[in-house]
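Participant: Got a predicted model here, sequence first, then my questions.
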Amino acid sequence: MQHLKSTQLRSLTRRFIMGGLLVSVIMVFYCLSSPVQTNVHMILQASSCLQTQIESSNMSHKPWGQNSSCVPKTNLMFMKTHKTASSTLLNILFRFGEKHHLKFALPDGRNDFFYPSVFLRSYVRDYSPGTCFNVVANHMRFNRLELEQLLPPDAAFFTILRDPSEVFESAFHYYHNVVPFTWFIPGDDKLSAFLEDPARYYTPDGFNSFYLKNLLLFDFGYDNALEANDLGVTRAIHEVSERFQLVLLAEHFEESLILLKDALCWEMEDLLFLKLNVRKGSSVSRLSPALRAKALQWNSADWRLYRHFNASFWAKVEVYGRQRMERQVEELRRWNAEMRAICVEGGAAVEPTGIKNTELAPWQPMGEKSIMGYNLKKDIESQFAELCRKMLTPEMQYLTELGVNLWVTRLWGWLKDSVSWLT
């Protein structure tokens, strides 16, 4: 018995030492991969987007969302929030952008704009003062003034939210191995233990701690330490409402796409999708009502943000028409079912070990393989072959196809896979 305790103690000590080394390596790695900011003031003072440099695809100058002329809106800013089905929407935008030969503002060396740093134009690959783009859509910390200098003035801004308790559960699963304070939470059910007494474990200034409190508010560039009744949350809601013409809901993804289609004057074929970056069921923690309440209390600022835009979303549905919405959603589901039958081997997503082609294998969280993917059917008719392949292509691989050299992301991937045995 004494020998067993001694062995367990040595194992635990070894994990903590190696974990500390890992944090040190990650911090150095992030510092080395962050952009040099010596010219930030020069960039901030640089001229704004010169629309004459780019063929403006938003040919209609009617107010955003008024589509009587039905000219597709193609100057787009999608604020890609975390754990909100945003990867699926990003795939839709990538395909739409390629279809219309749009100019993407893409990250440089990695799959995000140096998140969690606040967005700067200098983070865009091949940016130079005055450069104008059609589409910005990768993960970032929102910075309105910088983005408005990167896009034409008629650009449509939209984003997506999700119930904060579900965001928290998903973020805890996905990121806890790279959030050091979670390593000290005892037991196998770390999420429940944390929610029972968050203050005992949470360190606001800890490495990557922002992932586990008010992550939505943080993504929009605000202080994630705010509580629901803070005036800062009121200001955040006002500013997001004023800048974003449409805020979608992950729980009602198809209804969201129909509203987006109507506002942007797109076609139903532009909305085709397969759910990407979805976890296998066994990795999802089903929150009890009590734990859900605790998660919402812990993320109270996000909960207030979500409730506000949940109300505005359904107000837009009412204006659109409930019955009309139901018909459109049914049509979209029918189209997607047909594409799933045409494209997907077995008609459904498979667990990571069942993915046959590594080019279709999604990025996995540190320490486990829980994100599902697809196998492409063989002998797909030529008219559908390319569309099928792109619908099944994960974000990292799609960015590579668009020309992004993901050396930072891939180096981090190698590092996390190399030390995954620690977790």
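Facilitator: Good, I have the coordinates. Residues are numbered from 1 along each chain as shown.

Participant: Now do the helices in the stretch 151-300 of the chain.
Facilitator: With helices called from DSSP state H, counting those that start in this stretch, the stretch 151-300 of the chain shows them at 164-175, 190-196, 198-201, 215-219, 231-243, 253-264, 289-298, 300-320.

Participant: Between the two ends of stretch 120-134, what distance do you get?
Facilitator: Stretch 120-134 stretches 17 Å from its first residue to its last (CA to CA, to the nearest Å).

Participant: For the helices of the stretch 151-300 of the chain, give me TSV that also has mean pLDDT.
Facilitator: TSV is the format used below for the helices of the stretch 151-300 of the chain (pLDDT from 0 to 100):
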stretch	mean pLDDT
helix 164-175	97
helix 190-196	97
helix 198-201	96
helix 215-219	98
helix 231-243	98
helix 253-264	98
helix 289-298	98
helix 300-320	98
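
Participant: Of the ones you listed, flag the one that's most buried.
Facilitator: helix 215-219 (a mean of 25; mean count of other CB atoms under 10 Å). Quick note: C-beta positions are derived from backbone N, CA and C, even for glycine.

Participant: between the helices of the stretch 151-300 of the chain, which gets nearest to E326?
Facilitator: helix 253-264 (9.1 Å; CB to CB).

Participant: same for that closest one, what does it pack against?
Facilitator: Judged by 3 or more CB pairs under 8 Å, 6 or more residues apart in numbering; DSSP states H and E, helix 253-264 is in contact with strand 156-161, strand 246-249, helix 300-320, helix 322-343.

Participant: Not counting its own residues, what contacts that helix?
Facilitator: 64-65, 67, 72-73, 76, 85, 88, 92, 156, 158, 160, 245-246, 248-250, 266-268, 270-271, 273, 313, 316-317, 320, 325, 328-329, 332-333 (CB atoms under 8 Å, 6 or more residues apart in numbering).

Participant: next one: stretch 321-336
Facilitator: So stretch 321-336 is contacted by E254, E255, L257, I258, K261, M268, E269, L271, L272, F273, L274, V317 (CB under 8 Å, 6+ apart).

Participant: give me that answer again for 7 Å
Facilitator: E254, E255, L257, I258, M268, L271, L272, F273, V317 (CB atoms under 7 Å, 6 or more residues apart in numbering).

Participant: circling back: I'd like the helices and strands packed on helix 253-264 as CSV, with distance to A193 appended.
Facilitator: Below are those laid out as CSV (distance: least, CB to CB, whole Å):
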stretch, distance to A193
strand 156-161, 27
strand 246-249, 30
helix 300-320, 20
helix 322-343, 39
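
Participant: N214 is nearest to which of those?
Facilitator: helix 300-320 (4.6 Å).

Participant: All the strands of this structure, in order from the start?
Facilitator: Ranges of strands in the chain, per DSSP state E, are 76-79, 104-105, 135-136, 156-161, 246-249.

Participant: surely K275 meets S87?
Facilitator: No - assessed by CB atoms under 7 Å, K275 is found out of contact with S87, at 9.0 Å.

Participant: Of these two, give the one with the bigger neighbour count.
Facilitator: S87 (21 against 15; other CB atoms under 10 Å).

Participant: Check the gap between the closest residue to the more buried one other than its chain neighbours and F119 for me.
Facilitator: Spatially, and ignoring its direct neighbours in sequence, S87 is nearest to N277 (4.0 Å; CB to CB, 6 or more residues apart in numbering). Distance of N277 to F119, computed by CB to CB, to the nearest Å: 22 Å.

Participant: which residues touch K369?
Facilitator: P352.

Participant: Let's see the pLDDT reported for it.
Facilitator: The per-residue pLDDT reported for K369 equals 89.

Participant: re earlier: give me the buried subset of the contacts of helix 253-264.
Facilitator: Among the contacts of helix 253-264, those scoring as buried are 64, 67, 72-73, 76, 85, 88, 92, 156, 158, 160, 245-246, 248-250, 266, 270-271, 273, 313, 316-317, 320, 325, 328-329, 332 (criterion: 16 or more other CB atoms under 10 Å).

Participant: what residue ranges in the chain score low on pLDDT?
Facilitator: Applying pLDDT under 70 to the chain flags residues 1-48, 50-69, 418-423.

Participant: Of all the strands of the chain, which one comes closest to D205?
Facilitator: strand 76-79 (25.2 Å).
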